[in-house]
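> sequence? don't have it. structure:
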Ligand SMILES: Nc1nc2c(c(=O)[nH]1)N[C@H]1C(S)=C(S)[C@@H](COP(=O)(O)O)O[C@H]1N2
Ligand SMILES: [Mo]
């Protein structure tokens, strides 16, 4: 495999099957290809709508045609639904609940929601109304389930077989957690973790520690963590953790505790099962154990969202290959795209607004494709120079699949 640094030279050299120039690239606005793409989507939507199961009550307001319903607690965004405009609308954002969602009545009086804070000099409970007086910040983050991409593991790990749609890029508004710590007199001595606990009602007759959603992240996450009450400009929905959610930018989904009711700065990780044994990078064939790495910061990853095989054959000529790339806590430096399954790579262009290092970037490669079959792949590089891996890291539960090869798609051009 080789990386070609100069797209016009490379495209010129491979003119027999891939023609176009960098200047042609520049001349083509995104608008010129929206026609056929939108037409394809429009054609695909009614069929999908007809096939869609009714959504669970807490998510009934979502767009069923744009979601794959794995179960009532696992909804995945269709790959073809990601579009090209950075922010994932709430109506299409994936949902993952480990426990039944709380009663919607917890949203009746949002400001009365109470958060208890421990592990600070002056521990106490704060109502959401008071949290709102302590500061305000908005951050765009990629929220992604650590099992996103599990569906590509040939070992078929147990758990939802997500492909790419257990992820989205959204805007969170709330108070920086460090402001809350300051208001409560600062951290108590020796605290190494932020431990957040979800406010679900636990099923009766089972050990609470075996089911409670409680996660610990390293204290360094305090720099960026947010207590959010708004998503994409709307009060936070029940499906996404309203009235209050802990956002740990750059960390895998499970660390972003919905309906957060308690935050503790702790010297040790939570002993809850979801922390000690769940979400560990357990070697295939081994048993989960607390000494295995936990899923915390996300690694560098990208995938292509169009064109896709599921939206039908692509008309030969100029094609805009586009997708998303993100680096967890690191910004994206660049993305390369291949049309031959990773033999040759061309630099893609980052498009759209840069919403900060925790958001994803859209990328596009503009190419002329004659009729034929093409395997499209993307490979992102983060600001530290870390390159998206070719192969997944095998593990028991199918976490952290960042493999560019697994995310490749094969399209037919006619
Ligand atoms: N309280 C609580 N927080 C939670 C969960 C949960 O079940 N309960 N699921 C976690 C997991 S595994 C993921 S991937 C994300 C899903 O967030 P979303 O449903 O808003 O997309 O929330 C995380 N936070
Ligand atoms: Mo998850």
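Sure, I can see it. Worth saying up front: this structure is predicted, and the values here are computed from it rather than measured. Ligands and ions are numbered 1, 2, ... in the order given.

> what does this structure put close to ligand 2?
96, 145, 253-254 (CB under 5 Å from the ion). Glycine gets a C-beta too; all of them are placed from N, C-alpha and C.

> can you pull the contacts of residue 285?
residue 396 (CB atoms under 8 Å, 6 or more residues apart in numbering).

> State the distance from it to ligand 1.
24 Å (CB to the nearest ligand atom, to the nearest Å).

> Please, which helix or strand holds that residue?
For residue 285, there is no helix or strand it lies in under DSSP states H and E.

> if I look at it, how far off is residue 157?
Residue 285 sits 12 Å away from residue 157, taking CB to CB, to the nearest Å as the criterion.

> How about residue 359?
With CB to CB as the criterion, residue 359 and residue 157 are 29 Å apart.

> Of the two, give the one with the bigger neighbour count.
residue 359 (23 against 19; other CB atoms under 10 Å).

> what about that one, helix or strand, and which?
Per DSSP H and E, there is no helix or strand for residue 359.

> Spit out the residues that contact residue 285 and residue 157 alike.
Joint contacts of residue 285 and residue 157 (CB under 8 Å, 6+ apart) are residue 396.

> one step back: can you say which two of the residues of the chain next to ligand 2 are spatially most distant?
Pairwise distances across these peak at 8.2 Å for 96 and 254 (criterion: CB to CB).

> Quick check: neighbours shared by the two?
residue 145.

> pLDDT-wise, which helix or strand of this protein ranks last?
The helix or strand of the chain with the poorest confidence is helix 22-27; it has a mean of 31 (mean pLDDT, DSSP states H and E).

> avg pLDDT for stretch 74-89?
On average, the pLDDT along stretch 74-89 is 97.

> just stretch 370-388 next, same as before
98.

> Just the buried positions in that stretch, please.
374, 376-382, 388 (16 or more other CB atoms under 10 Å).

> give me the residue from the stretch 51-200 of the chain nearest ligand 2.
Proximity of the stretch 51-200 of the chain to ligand 2 (CB to the ion) peaks at residue 145, 3.3 Å away.

> need the contact list for that residue.
Counting by CB under 8 Å, 6+ apart, residue 145 has contacts 94, 96, 160, 162, 166-167, 252-254.

> let's see 7 Å
Contacts for residue 145 (CB atoms under 7 Å, 6 or more residues apart in numbering) come out as 96, 162, 166, 253.

> How many residues are close by residue 161?
18.

> Check the spatially closest residue to it that is not a sequence neighbour and give its pLDDT.
Of all residues not flanking residue 161 in the chain, residue 151 sits nearest, at 3.5 Å (CB to CB, 6 or more residues apart in numbering). What the model reports for residue 151 is a pLDDT of 98.

> tell me the SS of residue 151?
Classification of residue 151 by DSSP: H, G, I helix; E, B strand; the rest coil places it in helix.

> For residue 398, see how far away it is.
On the measure of CB to CB, residue 151 and residue 398 end up 8 Å apart.

> the more surrounded of those two?
residue 398 (25 against 21).

> I'd guessed the more buried one sits against residue 146; true?
No: using CB atoms under 7 Å, residue 398 is not in contact with residue 146; the gap is 9.0 Å.

> count of neighbours near residue 156?
Once other CB under 10 Å is used to define contacts, residue 156 is seen to have 10 neighbours.

> repeat for residue 324
Residue 324 has 28 nearby residues by other CB under 10 Å.

> Please apply the same query to the one 4 residues further on.
Counted by other CB under 10 Å, the residues lying close to residue 328 total 22.

> show me what contacts it?
Contacts of residue 328 by CB under 7 Å, 6+ apart are 250, 297-300.

> next one: residue 413
313-314, 316, 369-372, 374.

> Look up how far residue 404 lies from it.
Counting by CB to CB, the gap from residue 413 to residue 404 is 21 Å.

> With residue 207 instead?
41 Å.

> so is residue 405 in a helix, a strand, or just coil?
coil.

> wait, doesn't it sit right on residue 390?
Yes: counting by CB under 7 Å, residue 405 touches residue 390, with 5.3 Å between them.

> Give me the neighbour count for residue 309.
14.

> Show me the helices in the chain, by range?
Applying DSSP state H to the chain gives helices spanning 7-13, 22-27, 31-51, 128-131, 177-183, 208-211, 273-276.

> Check those for me: which has the lowest mean pLDDT.
When I compare those, helix 22-27 is least confident, with a mean of 31.

> what number of residues lie near residue 287?
For residue 287, using other CB under 10 Å, the count is 10.

> Likewise for residue 410?
Residue 410 is flanked by 12 other residues according to other CB under 10 Å.

> how close does residue 84 sit to residue 67?
For residue 84, the distance to residue 67 - CB to CB - is 19 Å.

> Looking only at neighbour counts, state which of those two leads.
The neighbour comparison of residue 84 against residue 67 (other CB under 10 Å) goes to residue 67, with 24 against 18.

> Name whatever forms a beta bridge with the nearest residue to the more buried one once chain neighbours are set aside.
Leaving aside its sequence neighbours, residue 67 sits nearest to residue 75 (CB to CB, 6+ apart; 4.8 Å). Note on residue 75: beta-bridge partners by DSSP bridges are residue 69, residue 95.

> if I pick residue 75, what's in contact with it?
59, 62, 67, 69, 94-95.

> low-confidence ranges in this structure?
1-52 (pLDDT under 70).

> Any idea how many residues pack against the residue nearest to residue 392 when sequence neighbours are not counted?
Nearest residue to residue 392 in three dimensions, chain neighbours excluded: residue 403, at 4.0 Å (CB to CB, 6+ apart). If you count neighbours by other CB under 10 Å, residue 403 ends up with 19.

> swap in residue 391?
11.

> what residues are up against it?
Residue 391 neighbours (CB under 7 Å, 6+ apart): 403, 405.

> How much space separates it from residue 383?
23 Å.

> Got the domain ranges for the chain?
Domain ranges of the chain: 57-277, 301-413, per the TED database.

> Enumerate every residue touching residue 398.
147, 150, 153, 157, 159.

> roughly how far apart are the third one and residue 85?
Going from residue 153 to residue 85 by CB to CB gives 30 Å.

> ditto for the fourth one
As defined by CB to CB, residue 157 lies at a distance of 33 Å from residue 85.
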